[in-house]
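K.L.:
Pasted the sequence and its predicted model underneath.
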Amino acid sequence: MYAQTASRLVRAPRATVYAALLDPRAIETWRVPDDMTARVAEWEPVEGGRFRVALTYRAEDRTGKTEGATDAYSGEFTSLVPDEQVVERVEFDTADAALRGAMTLTWRLTDAGGGTQVELLHEGIPDAVSPDDNAAGTDMSLTKLAAYVEGAG
């Protein structure tokens with residue numbers, strides 16, 4: 001297992017960014033790779049609340065971590081500090097032992113440069129997930145998050 005960090009400055013207030021971290025329709029828009037679609041199946045954005053999200057490849061020849069062309073993950077919100085932090089415990093829904101285990105995603109929001117600095121600490125990433133692939137997916141999500149909240153502002 002390993003950890004990665006990523007950050008991005010977005011031109012939107014912290015409250016707008018925080019709302020996008022907890023809105024299931026927003027999640028389906030920004031927290032999905034370009035070559036996939038997202039569907040939020042369960043979403044309870046309160047401390048201890050559960051969630052489940054399915055990401056499905058657009059190309060039928062791609063294989064997901066869960067079943068067919070789908071990567072599903074589930075977890076719970078372990079800490080919510082309005083406009084400052086969201087902490088999630090996440091696991092892939094998979095039978096593959098190399099991909100199992102709890103990961104922690106800690107999103108921190110701070111004022112910076114006329115907007116919000118979004119910092120993500122992703123801990124417990126299974127070694128079977130390529131660090132380059134994880135970093136690329138995280139960067140893609142942060143780029144989409146910025147576009148989403150900057151358009152909302």
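P.N.:
Structure's in. What do you need?

K.L.:
By average pLDDT, which secondary structure element in the protein comes out worst?
P.N.:
strand 50-57 (a mean of 88; mean pLDDT, DSSP states H and E).

K.L.:
mind listing what's buried in stretch 146-153?
P.N.:
For stretch 146-153, burial by neighbour count (16 or more other Cβ atoms under 10 Å) applies to 146, 148-149. From N, CA and C alone the C-beta is placed, and that goes for glycine too.

K.L.:
model confidence over that stretch, on average?
P.N.:
Mean pLDDT, stretch 146-153: 84.

K.L.:
biggest helix in this structure by residues?
P.N.:
Longest helix of the chain, by residue count under DSSP state H: helix 131-152.

K.L.:
now the angle between strand 50-57 and it, please.
P.N.:
110 degrees (axes from the mean of the first three to the mean of the last three Cα atoms, to 10 degrees).

K.L.:
helices or strands up against helix 131-152?
P.N.:
strand 2-10, helix 14-22, helix 24-30, strand 115-125 (3 or more Cβ pairs under 8 Å, 6 or more residues apart in numbering; DSSP states H and E).

K.L.:
coming back round to it: after the least confident helix or strand of the chain comes which helix or strand?
P.N.:
strand 70-81 (DSSP states H and E).

K.L.:
Tell me which other helices or strands that next one touches.
P.N.:
strand 36-43, strand 50-57, strand 85-92.

K.L.:
These: which one's closest to Arg100?
P.N.:
strand 85-92 (6.9 Å; Cβ to Cβ).

K.L.:
can you list the residues that contact the closest one?
P.N.:
18, 21-22, 51, 65-66, 71-80, 99-109, 126 (Cβ atoms under 8 Å, 6 or more residues apart in numbering).

K.L.:
what do you get if the cut-off is 7 Å, keeping everything else the same?
P.N.:
Contacts with strand 85-92, where a contact means Cβ atoms under 7 Å, 6 or more residues apart in numbering, come from 21-22, 65-66, 71, 73-80, 99-109.

K.L.:
nearest spatial neighbour of Arg108, skipping sequence neighbours?
P.N.:
Glu119 (4.5 Å; Cβ to Cβ, 6 or more residues apart in numbering).
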